Each structure stands twice: as structure tokens, then as C-alpha cells.
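Enquirer: just coords:
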Ligand code: NAD
């Protein structure tokens, strides 16, 4: 069997065209331009590159974006003040603080400071909790991208055995919860899992987000499985690879995402989606999707 190679770039392009049309409607009907503010603290080169991709994505679909660059010496209090100002600015629909942050700033207090209605990354504790109950205000972008890929390819999730390799708060756990919400039977594996292959061989849908090149080899993949590779690893020779032995596994799977060109394209796309959704809610809703209890 040779797998269908899922073209994440093409899916992202199609979705972005749809999102551009939604932005046009917001402008013409409500005189609203969706706006995203990205805060970057320090000068981590990888973060700078991710932020550039997000800003470019905004431009592509007509979202107004602003990059706030703060020095690595910024205190937690100063960062929280910036967020507070943006929370209160009705022209801003999405606030994203690029992670990681310098060690002296507590990530949890920063993420919880962002208004839930503007938490387009979906990392606020409320949105995290909403993954358990199935009512997030915004879904986190990478897991949402995985879900959209499955949807786009008409891959049934209900009743399927899903194995997620990786249990981080930003990818593994939310992906597992979102697919469980769609009535999959879900197993999460992580670095302490004994005999990874024992579990992965059960997977009708295998989602891998470990950050370990070649972790998933054909011997531990079920014939006909759908393999979604979230991993993004730079090898010493500069090549970018996922966590899956792509050449080997594509001969055994029914669908597979390449790296690059698979899930990566979808993460920013879902951020654009969330920002537009936030602007649509602000423009049309008389009530907030989230009501803070006193
Ligand atoms: P992380 O380091 O926070 O978590 C990695 C998880 O994988 C942990 O739960 C760990 O226990 C598990 N793990 C590590 N080694 C393992 C092993 N040998 N066997 C089984 N499980 C193992 O990483 P993360 O932030 O979740 O990211 C995971 C990967 O996804 C990375 O390569 C990252 O670059 C990539 N990523 C890609 C996107 C994208 O848009 N494509 C977005 C986020 C992360």
C-alpha cells in the first residue's frame, strides 16, 4: 500500500481563501477589520521566524497585525500591563504572546492574563478546561489544524482507535481531547511509555508530536493507518524532518502528512481563523461567548 500524501499547503491555501472572503464581509458589512497583536519578548531566532510567518499569514487574508517587540529584560509586570491594555482595546481581536518566554516570566500568569475572548492561541486555562467539556471559546491552533486536515480528507474519527504520541499541553493533550470529543477511542503515549509499538500498532489514526526524528518506523504502524506527523525537527545538516520515517511509513499507511508541507501550514491558518472568528463575534454578538462569573 502507498499512502495518499496529504498536502497541508493546499488545504491551508483553500482555507485561507475562505477566510479572506470572511474578512471582506466583516469590512463591508460591519466596517470591522480583524486585528491580531503578537507580543515577542527577547530575540530567540526560532520565535522571530514563527512570528514572521504569523504576520505574513495575517497579511495574506486581510487581518491587520501588529508586532510588539519587547526586550528580554521586560519584567512580568510590564508584560501584564501590555496585555491589560490590549484586553481593553476594542479594535484588537486577538492577542498572542509568543512562547517560550524568558525564564523570569511565569508563562501561566501571562496566559491567564489574556482575555478569553481574545485568546486566539487557545492556551488560557479556561480554553484548556473547555477541551475537557467540549466548549472552548478558541481551540488551540495545532490540534485544530490536525482536526481540520482529517475533516478535509473525510477521514472518519468516530469509533476509530486514535493514538497520540506526545503529551504536551500545546499539542498532544489537546489533540487527544479534541479527537475524544469526536468519539474516538484515544490513547496518549509519551516518553515514559513502555513499548510504544504495542500502542501505535493499534492506531487507525496515529498522531505524532514528540520532537524525535524517526521515532515512528513502519514496524510499529498498522497497515492502512492514517499518520499525521506534527513533529518539526532540524537535523544537523539543516534538513527539516518530522517524527515519522516518511519514506518507510508511506508504504504502509493509507494517508500521511509530509514534513514540511503538512501540519505546519495549518497551525498559522487556524490562528488566522480564530482571529477572524473573534472579530465576527465582536461585530455580531450582543452577548459574549464567554461570561466571567463574578
Ligand atoms: P514537547 O517537548 O513539549 O513534548 C513532547 C512530548 O513527546 C512529551 O509529552 C514527551 O513525553 C513525548 N516524547 C518525547 N520523546 C518521546 C519518545 N521517545 N516516545 C514517546 N513520546 C515521547 O513538544 P511539543 O511542543 O508538543 O512539540 C512536539 C513536536 O511538534 C516538536 O517537534 C515540535 O517542533 C512540533 N510542533 C509542530 C508544530 C507545527 O505547527 N507543525 C506546532 C507545535 C509543535
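Expert: Great, that's in hand. Only a predicted model underlies this, so the values are computations on that prediction, with no experimental measurement involved.

Enquirer: where along the stretch 101-250 of the chain do the strands fall?
Expert: In the stretch 101-250 of the chain, the segments counted as strands under DSSP state E, counting those that start in this stretch are 161-165, 185-189, 205-208, 226-229, 233-234, 240-241.

Enquirer: Sheet partners, orientation included, of the third one?
Expert: Strand 205-208 has its sheet partners listed here by DSSP bridges as strand 161-165 (parallel), strand 226-229 (parallel).

Enquirer: Who is the nearest residue to residue 255 once chain neighbours are set aside paired with across the strands?
Expert: Spatial nearest neighbour of residue 255, chain neighbours left out: residue 226 (4.4 Å); criterion: C-beta to C-beta, 6 or more residues apart in numbering. All C-beta spots, glycine's among them, are computed from the backbone N, C-alpha and C. Under the criterion DSSP bridges, residue 226 forms beta bridges with residue 205, residue 255.

Enquirer: ok so, going back, using CSV, lay out the strands of the stretch 101-250 of the chain together with mean neighbour count and distance to residue 40.
Expert: Converted to CSV, the strands of the stretch 101-250 of the chain look like this (neighbours: other C-beta atoms under 10 Å; distance: least, C-beta to C-beta, whole Å):
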stretch, mean neighbour count, distance to residue 40
strand 161-165, 25, 29
strand 185-189, 19, 31
strand 205-208, 28, 28
strand 226-229, 28, 27
strand 233-234, 14, 20
strand 240-241, 16, 22
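
Enquirer: of those, which approaches residue 79 most closely?
Expert: Ranking the strands of the stretch 101-250 of the chain by proximity to residue 79 (C-beta to C-beta) places strand 233-234 first, at 28.4 Å.

Enquirer: Remind me what that closest one packs against, helices and strands.
Expert: Where contact means 3 or more C-beta pairs under 8 Å, 6 or more residues apart in numbering; DSSP states H and E, strand 233-234 is packed against strand 240-241.

Enquirer: quick one: average confidence on the strand it packs on?
Expert: Averaging pLDDT along strand 240-241 gives 96.

Enquirer: Distance from it to the middle of the chain?
Expert: Relative to the centre of its chain, strand 240-241 is centred 18 Å away, using C-alpha atoms, centre = their mean, to the nearest Å.

Enquirer: Name the residues of the chain found near the ligand, please.
Expert: For the chain, the contact set with the ligand under C-beta under 6 Å from any ligand atom comprises 142, 165-168, 170-172, 189-191, 193, 196, 209-212, 215, 230-233, 263-264, 267.

Enquirer: hang on, isn't residue 180 packed against residue 186?
Expert: Yes: Residue 180 is within contact range of residue 186, at 4.6 Å (criterion: C-beta atoms under 8 Å).

Enquirer: Now the common contact residues for the two.
Expert: Any residue near both residue 180 and residue 186 by C-beta atoms under 8 Å, 6 or more residues apart in numbering counts here, and that gives residue 162.

Enquirer: quick one: which helix or strand includes residue 65?
Expert: Secondary structure assignment for residue 65, by DSSP states H and E: strand 64-70.

Enquirer: hang on, the earlier thing: just list the residues touching the residue nearest to residue 255, thanks.
Expert: The contact partners of residue 226, taken as C-beta under 8 Å, 6+ apart, are 150, 153, 155, 204, 205, 206, 253, 254, 255, 256.

Enquirer: hang on, the earlier thing: for residue 9, find the nearest of the strands paired with strand 205-208.
Expert: Ranking those by proximity to residue 9 (C-beta to C-beta) places strand 226-229 first, at 14.4 Å.

Enquirer: Tell me how many other residues surround residue 10.
Expert: Per other C-beta atoms under 10 Å, the neighbour tally for residue 10 reads 12.

Enquirer: Got the phi and psi for it?
Expert: Main-chain dihedrals, residue 10, degrees, to the nearest 10: phi -70, psi -40.

Enquirer: oh, and call the first residue 403 from now on, that's how I've got it
Expert: In the new count, where the first residue is 403, that last one comes out as residue 412.
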